[in-house]
Structures are given as C-alpha cells and as structure tokens.
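Okay, sequence plus prediction incoming.
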Amino acid sequence: MGLLYTAGDMSYWAIWLFILFALMAFNELGRSKPWAGITLFGIVPLLLTIFVWPTTAAPGNEYGTGTWFNWVKTYSALAGCLGFMALRYITWTGKDGQVHHLYEKKWALCFPPLILAVNIAEAVLRDFQVFSFGLWTGGTVENLWTISGPWNIMNGIAGILNIVTICGWLGIFVSKDKTRDMIWPDMIWPWIIAYDLWNFAYTYNCISDHSA
C-alpha cells in the first residue's frame, strides 16, 4: 500500500489539497455568517436529499455510499450544526424586558453533549458491525472493501469510554464578539486528544475503500 495508500501521481495530492482548503473555507463561512450556515447546513442538504442523494447514496449503489452509517452520520452531523447555530443565534425578549439567549437555558446546553454522544455511538456500532462481518483477510460488503479484526472491538470500547467521559457542557457559552462562537471551556484537553486519536483510528479501520 505504501504511505497513505500512495496516490498515483501529484494530481491526486493537488485535488486532495484543493478539497481540504475548500472545505475549510466553507466551514469558516458557515461558522461566521448565519445566512451561510442556514444555506450550507439546511437548504443545500434539503435539495440534495430530494434531488441527488436518493440516487448517489441509494442502497447497494456502485459507490458504496448507501450504507446506514452514511445516512445516519450525515443527518446527525447536520442536526449538530443546526443545533449549535440555534444556541448561538436564537434570542427573545422576556417579560422582564431583557434579551435572553437560548444557551442560557440549562436544558438547551444538553444538546451539544447529546449530539456528540450520538455521533460517537454511530461509529461504535459501525466498528462492531465491521467486526461481525468476519472478514479476517479482507472482503467486499455493499461494494466496499474492508477488513475485520480485534481493532474494531478495541476502538468500539474506546468510543464508549469517550461517550461516558464527556464533561463540562453546563459551562458552554457564546462569545460576545461578532462571530458569536460557541465556547466549551470546561471540556478538558485530555478528552479532546483521546477523541481525536479514537476518530483517526475509526477512520483508518472503518472508512472502507471503494471496491474495484
């Protein structure tokens, strides 16, 4: 395979870098502009759901994108984006004449850890599912090549530990500057590192390659 599956020529790396920086730019646009966030995480996915994904992500399609995991992960991630926007931007004037923010409600602050736990749980289930395929030397399932092994169980357990150790969500607040970023200061950095390592391991283990 070689390093990172060794792309055939430099054009692959150029395309990869272009996509990476384009996604970063769109993310920054959606993060900083409410209209862009609604467009990118609401309107565009709605149009794609109706006109594109029923074909390109249909079960059993040749691209291997019709698995339950792809659908569930996509919509739960979109729900997270829209929910975070709601925490950042929804305000109202109370009976006291003061402006109140959604993130001031403790029940609303339960959304970030909940949607994060759901996203991790989806990957945990997928890890266990890949192990259940019993493809110890590799094989094709739903037009995707994958390989099963004890790493699936180990990483699934690591994901569960990530879920039960999510902390500090009642300390979430929204910054006062024009970006209105959602700040989670009480999420400890060891958890963030552990989550990143788990996520990389999941991606390497379970994001299968397209079967030739």
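Right, received. Where do you want to start?

For the rest of this, base every contact and every neighbour count on C-alpha atoms.
Fine.

part of a strand, is L47?
No. Assessed with DSSP: H, G, I helix; E, B strand; the rest coil, L47 is helix; it does not lie in a strand.

neighbours of it, just the number please.
Residues lying near L47 (other C-alpha atoms under 10 Å) number 11.

again, but for the one 4 residues further on
Residues contacting F51 under the criterion other C-alpha under 10 Å number 11.

next one: R31
Neighbours of R31 under the rule other C-alpha under 10 Å: 19.

got the CA positions of the host helix or strand of G156 in CSV?
According to DSSP states H and E, G156 maps onto helix 150-164. Output of helix 150-164 as CSV, limited to C-alpha atoms (Å, rounded to 0.1, in the frame of the first residue of the first chain):
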residue,chain,number,x,y,z
PRO,A,150,-9.8,-7.1,17.1
TRP,A,151,-9.0,-3.4,16.4
ASN,A,152,-12.8,-2.9,15.8
ILE,A,153,-13.6,-4.2,19.3
MET,A,154,-10.8,-2.1,20.9
ASN,A,155,-11.9,1.1,19.1
GLY,A,156,-15.5,0.5,19.8
ILE,A,157,-14.8,0.2,23.5
ALA,A,158,-12.7,3.4,23.3
GLY,A,159,-15.6,5.2,21.7
ILE,A,160,-17.9,4.1,24.6
LEU,A,161,-15.3,5.5,27.0
ASN,A,162,-15.3,8.7,25.1
ILE,A,163,-19.1,8.9,25.5
VAL,A,164,-19.2,8.4,29.2
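
residues in contact with that helix?
Residues outside helix 150-164 that contact it (C-alpha atoms under 8 Å, 6 or more residues apart in numbering): 117, 120-121, 123-125, 127-128, 130-131, 191, 194-195, 198, 201-202, 205.
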